[in-house]
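Visitor: fold the following.
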Amino acid sequence: MKFDTELIHGGISEDPTTGATSVPIYMASTFHQTKIGESQYEYSRTGNPTRAAVEALIATLEHGTAGFAFASGSAAINTVFSLFAAGDHIIVGNDVYGGTFRLIDSVLKRFGMTFTTVDTRDLTAVEAAITPATKAIYLETPTNPLLHITDIEAIAKLGHKHDLLSIIDNTFASPYIQRPLDLGVDIVLHSASKYLGGHSDVIGGLVVTKDAELGERVGYLQNAIGSILAPQESWLLQRGMKTLALRMRAHLSNAEQIFNYLKAQPGVAKIYYPGDPDNPDYAVAKKQMNGFGAMISFELQPQMDPKAFVEHLEVITLAESLGALESLIEIPALMTHGAIPRDIRIQNGIQDELIRLSVGVEDITDLLADLDRGFASVTD
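Guide: As a prediction, the model looks like this:
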């Protein structure tokens with residue numbers, strides 16, 4: 001089946017008991033067992049029919065063997081990191097979500113795990129960071145918020161060469177744009193609150209594994225840790241995922257037009273967008289992505305106040321998160337990446353003037369008029 005069809009009919013797309021075309025919300029904590037050890041479900045932390053449906057769907061879309069749904073993207077990331085133990089070393093991309101940095105720096109390091117941050121676009125630097133204790137390479141592509149693009153296939157090959165797991169956060173792209181498992185990666189993660197859910201009404205995280213043995217390990221941790229996605233949220237997420245292709249086409253069209261608009265603005269000092277032919281990552285993005293995404297980050301000229309810009313908008317919503325129907329805008333230094341110390345943030349290229357825009361599906365003329373309003377507020 002083609003991707004658009006998989007969204008509708010992939011995974012468990014109907015209730016096997018009643019034939020309902022929408023899998024019901026099974027609000028049950030436990031299940032009747034006719035014989036000990038022979039029941040399909042025992043307890044909803046371990047397995048729930050509604051959660052199973054969304055887990056099967058993401059496994060289908062990412063071409064994996066097993067999918068797992070969690071209470072949040074952070075819970076998904078934490079569970080994957082729980083594959084490792086004290087003394088293990090992990091290479092991490094230097095431009096990751098602030099919450100991932102916080103988890104690593106404030107929590108995981110206390111348990112004896114060690115980390116080295118590297119620009120994962122530089123394969124030589126990645127290989128140089130490998131030690132005898134290294135167990136995995138963890139990265140985002142596109143990254144948050146600078147939208148750097150790493151060659152996924154090259155990272156996967158490097159991981160296999162050194163017997164390391166390769167783990168990619170695919171949130172900014174979604175499986176509509178890229179499928180890392182097809183390029184050799186071992187584990188894919190999503191903050192499902194973003195493009196997959198798409199409607200700003202659900203918090204969730206997803207993990208997909210390439211092989212069954214790794215899936216069994218993640219499944220064991222999901223049950224042991226218990227940070228599972230509840231039935232109501234599982235149903236909302238699956239419903240949102242079914243319209244992903246329709247939404248993404250509108251997202252991508254609007255993003256391309258906004259990129260062209262920003263290029264002509266004298267108030268813009270720099271634009272970060274994978275679809276920019278002048279972007280050094282453009283060739284890699286074109287090779288591995290089906291479209292360039294709907295995230296655009298840009299820096300205002302130094303004399304301009306980014307707070308004034310975002311606070312004067314009327315259509316584009318000032319809010320954290322991304323990938324929703326509505327356009328969302330934020331200042332990473334003050335919001336999503338505020339947990340990163342300023343010296344590290346600046347070193348990694350996240351300037352105080354940086355603005356991150358998640359382009360929604362509103363009428364493009366309204367979005368451009370709103371951006372005009374923002375630029376007027378900082379140039380008067």
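
Visitor: surely residue 48 meets residue 231?
Guide: Yes: Residue 48 lies in contact with residue 231 (CB atoms under 8 Å); the separation is 5.6 Å. For the C-beta atoms, the positions are set from N, CA and C on the backbone; glycine is no exception.

Visitor: joint contacts of these two?
Guide: Common contacts of residue 48 and residue 231 (CB atoms under 8 Å, 6 or more residues apart in numbering): 26, 28.

Visitor: tell me the SS of the residue nearest to the spatial centre of the chain?
Guide: Central residue of the chain (CA atoms, centre = their mean): residue 171, 1.6 Å from the mean position. Applying DSSP: H, G, I helix; E, B strand; the rest coil to residue 171 yields a three-state assignment of coil.

Visitor: what of residue 207?
Guide: Assignment for residue 207 (three-state DSSP): strand.

Visitor: poorly predicted segments of the chain, please.
Guide: Scanning the chain for pLDDT under 70 picks out the ranges 380.

Visitor: how does it divide into domains?
Guide: 3-241, 245-379 (automatic domain parsing).

Visitor: buried residues in the strand or helix carrying residue 124, which are they?
Guide: Using DSSP states H and E, residue 124 falls within helix 123-128. Going by neighbour count (16 or more other CB atoms under 10 Å), the buried part of helix 123-128 is 123, 126.

Visitor: just checking, what packs against that helix?
Guide: helix 152-161 (3 or more CB pairs under 8 Å, 6 or more residues apart in numbering; DSSP states H and E).

Visitor: could you say what helices and strands the helix it packs on packs with?
Guide: So helix 152-161, by 3+ CB pairs under 8 Å, 6+ apart, packs with helix 123-128, strand 134-140, strand 165-169.

Visitor: mind putting these in CSV, distance to residue 302 included?
Guide: As requested, these are exported to CSV (distance: least, CB to CB, whole Å):
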stretch, distance to residue 302
helix 123-128, 29
strand 134-140, 27
strand 165-169, 31
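
Visitor: still on that earlier bit, just checking the distance from the helix holding residue 124 to the centre of its chain.
Guide: On the basis of CA atoms, centre = their mean, to the nearest Å, helix 123-128 is displaced by 24 Å from the centre of the chain it belongs to.

Visitor: who's in contact with it?
Guide: 91, 118-120, 137, 151, 154-155, 158, 162.

Visitor: filter those down to the buried ones, PyMOL style.
Guide: Of those, the buried ones go into a single PyMOL selection, burial set by 16+ other CB under 10 Å:
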select buried, resi 91+118+119+120+137+151+154+155+158
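
Visitor: mind putting the contacts of helix 123-128 into JSON lines with distance to residue 186?
Guide: Below are those laid out as JSON lines (distance: CB to CB, whole Å):
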{"residue": "91", "distance to residue 186": "14"}
{"residue": "118", "distance to residue 186": "18"}
{"residue": "119", "distance to residue 186": "21"}
{"residue": "120", "distance to residue 186": "15"}
{"residue": "137", "distance to residue 186": "10"}
{"residue": "151", "distance to residue 186": "16"}
{"residue": "154", "distance to residue 186": "15"}
{"residue": "155", "distance to residue 186": "11"}
{"residue": "158", "distance to residue 186": "12"}
{"residue": "162", "distance to residue 186": "13"}
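
Visitor: which residues in the stretch 201-350 of the chain form strands?
Guide: For the stretch 201-350 of the chain, the strands defined by DSSP state E, counting those that start in this stretch occupy 205-209, 268-272, 295-300, 317-318, 328-330.

Visitor: highest mean neighbour count out of those?
Guide: strand 205-209 (a mean of 28; mean count of other CB atoms under 10 Å).

Visitor: check which helices and strands it is in contact with.
Guide: Counting contacts by 3+ CB pairs under 8 Å, 6+ apart, strand 205-209 packs against helix 49-61, strand 66-70, helix 73-81, strand 187-191, helix 212-225.
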